[in-house]
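Enquirer: Predicted model and sequence below, questions to follow.
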There are 2 protein chains.
Amino acid sequence: MLQASADIDTSATLTERQKAVLDAALRLLVEEGDNLTMTAVARRASCSKETLYKWFGDRDGLLTATVQWQASKVRVVPVDGEKLDLASLTASLEGFASDWLKVISSDTSIALNRVAVGHAGSGKDDLGAIVLENGRFALARRLKPVLLAGKQAGLLDFADAETAFRSFFGLVARDVQIRLLLGDRLELTEAAIGGDAVRATQQFLALFGAKTGPQGL
Amino acid sequence: MLQASADIDTSATLTERQKAVLDAALRLLVEEGDNLTMTAVARRASCSKETLYKWFGDRDGLLTATVQWQASKVRVVPVDGEKLDLASLTASLEGFASDWLKVISSDTSIALNRVAVGHAGSGKDDLGAIVLENGRFALARRLKPVLLAGKQAGLLDFADAETAFRSFFGLVARDVQIRLLLGDRLELTEAAIGGDAVRATQQFLALFGAKTGPQGL
DNA sequence: GGCAAGCCGTACCGTACGTTACGGTTCGCC
DNA sequence: GGCGAACCGTAACGTACGGTACGGCTTGCC
């Protein structure tokens, strides 16, 4: 909720070389978790520690820069809420669901969430806030317009978009993220994700679909 | 899923003094997160480091013992699935929901999940498995009999108890746990938890309630 | 060519912390 | 009272790692 400004165009101020270094740090983070060392990053990125400190100031600085760099890579196009019928709404929801499942089950997301959760305990940096802002809250920002358009079109019925979103979120994610973060092996094949997406969407529509149906017909 | 034996009667083999030490470690874990030091635990528990190492072998040993000790404290009575009508089923589900919300929003649960998530990255110990086993999987084991009884009584309709459970889980927890783990301030008052519990239960019944109603009447 | 800036590689320093060692004290037992 | 075991408090050791310093190399500019 803070970070509203901190996540804008950090990529603009980064040189190509710096991006490459952050990519290396990211890969290392996925492999090693939070116990990566500055020397390891330097070696992997073929740069000197002095450079790391000059550019990012600090180990925490490097970590936050890495997280922000990854966040900036997944910036997505906002869906346009035109031409809304039940089919397109369903398709849109299914798309959101399967995208989200793909994200939270990806190696990089798991690694990033792990370090952010770990750091959230002792409030040295705002990794948790950044991840939250670019994950769950970004999803809400993108999904709510769709929900509101669905309500406008008489396809959905809810009092509060936030509440509706959180129920959708729960139906999609269920126990997947916490299990993955805690190290549970959980095979999420493309097919399983697709199936979960349609199931979650159907359940959501069953709960929040307008009783009257599209009233215009 | 492993840990099936590792969580039984660890408390039986512990002396009172050892339990006190683990309680101290637990309190410290809540306050300091994963960056607690052996010296701090020793000081807080008024014991010597030598004793810590003799009893728990290792820092990781102390951590796992602490987590298991906390897990052993929340062992609960299995609900009996007799006298099942819609009212009692609803009450039971609401009870599970509010209990679960209370657990995952408690300070100790947050702290324990944080360290477990952190350690799940580099597989030194099985903290993640332990937490999972005594958290999400324990909940499933307790809830599934209720669900099956509800199905038996014609109140619920589902093909697979696991799938039904996971939907219930999602409707109850939604984004609460991940937000709390990532450091989001999230006021969960007693009243809010109660409200969420009935909402989640209603949604679950709307999705999985038998279309026919209790047919025996 | 000369020079300055940026960067690589590496050696170095300081410190925090896990782990071990040891002297002193209590307590149960003979 | 004497003895051994368990334990407390603390000092000491080893090491890993964050952070800094420095010498050499490239690159672009004059």
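Expert: Yep, it's here. Numbers count the residues shown, from 1 in each chain, chains lettered A, B, ... in the order given.
Enquirer: For the rest of this, base every contact and every neighbour count on C-alpha atoms.
Expert: Will do.
Enquirer: what's the residue closest to the geometric middle of chain A?
Expert: residue A:135 (3.0 Å; C-alpha atoms, centre = their mean).
Enquirer: mind checking pLDDT for that residue?
Expert: Looking at residue A:135, its pLDDT is 94.
Enquirer: Next, it: phi, psi?
Expert: The phi/psi pair for residue A:135 (degrees, to the nearest 10) reads phi -110, psi -100.
Enquirer: Near residue A:108, how many residues? Count them for me, please.
Expert: Applying other C-alpha atoms under 10 Å in any protein chain shown, we find 18 residues neighbouring residue A:108.
Enquirer: Correction: the previous question concerned residue A:152.
Expert: Neighbours around residue A:152, by other C-alpha under 10 Å: 12.
Enquirer: Spell out the residue ranges of the helices in chain A.
Expert: Ranges of helices in chain A, per DSSP state H, are A:16-32, A:38-45, A:49-56, A:59-73, A:86-104, A:107-121, A:127-134, A:136-152, A:161-173, A:176-181, A:190-208.
Enquirer: Just the C-alphas of the third one, formatted as CSV.
Expert: The reference is to helix A:49-56. What follows is helix A:49-56, C-alpha atoms only, in CSV (Å, rounded to 0.1, in the frame of the first residue of the first chain):
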residue,chain,number,x,y,z
LYS,A,49,31.7,-6.6,-5.2
GLU,A,50,32.8,-3.1,-5.2
THR,A,51,30.4,-2.5,-8.2
LEU,A,52,27.6,-4.2,-6.4
TYR,A,53,28.0,-1.9,-3.4
LYS,A,54,28.4,1.2,-5.5
TRP,A,55,25.2,0.4,-7.5
PHE,A,56,22.9,-1.0,-4.8
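Enquirer: how far does it sit from the chain's center?
Expert: The gap between where helix A:49-56 is centred and where its chain is centred comes out at 28 Å by C-alpha atoms, centre = their mean, to the nearest Å.
Enquirer: so, in contact with DNA strand D or not, it?
Expert: Yes. Helix A:49-56 reaches DNA strand D (C-alpha under 7 Å from any atom of the strand) through A:49-50, A:53.
Enquirer: if we look at DNA strand C, which of these are close to it?
Expert: A:49-50.
Enquirer: Reformat the residues of helix A:49-56 next to DNA strand D as JSON lines; add neighbour count.
Expert: As requested, the residues of helix A:49-56 next to DNA strand D are exported to JSON lines (neighbours: other C-alpha atoms under 10 Å in any protein chain shown):
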{"residue": "A:49", "neighbour count": "15"}
{"residue": "A:50", "neighbour count": "10"}
{"residue": "A:53", "neighbour count": "14"}
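Enquirer: What about the nearest residue to residue A:26 once chain neighbours are set aside, how many residues nearby?
Expert: Spatially, and ignoring its direct neighbours in sequence, residue A:26 is nearest to residue A:66 (6.3 Å; C-alpha to C-alpha, 6 or more residues apart in numbering or on different chains). Number of residues near residue A:66 (other C-alpha under 10 Å) recorded here: 22.
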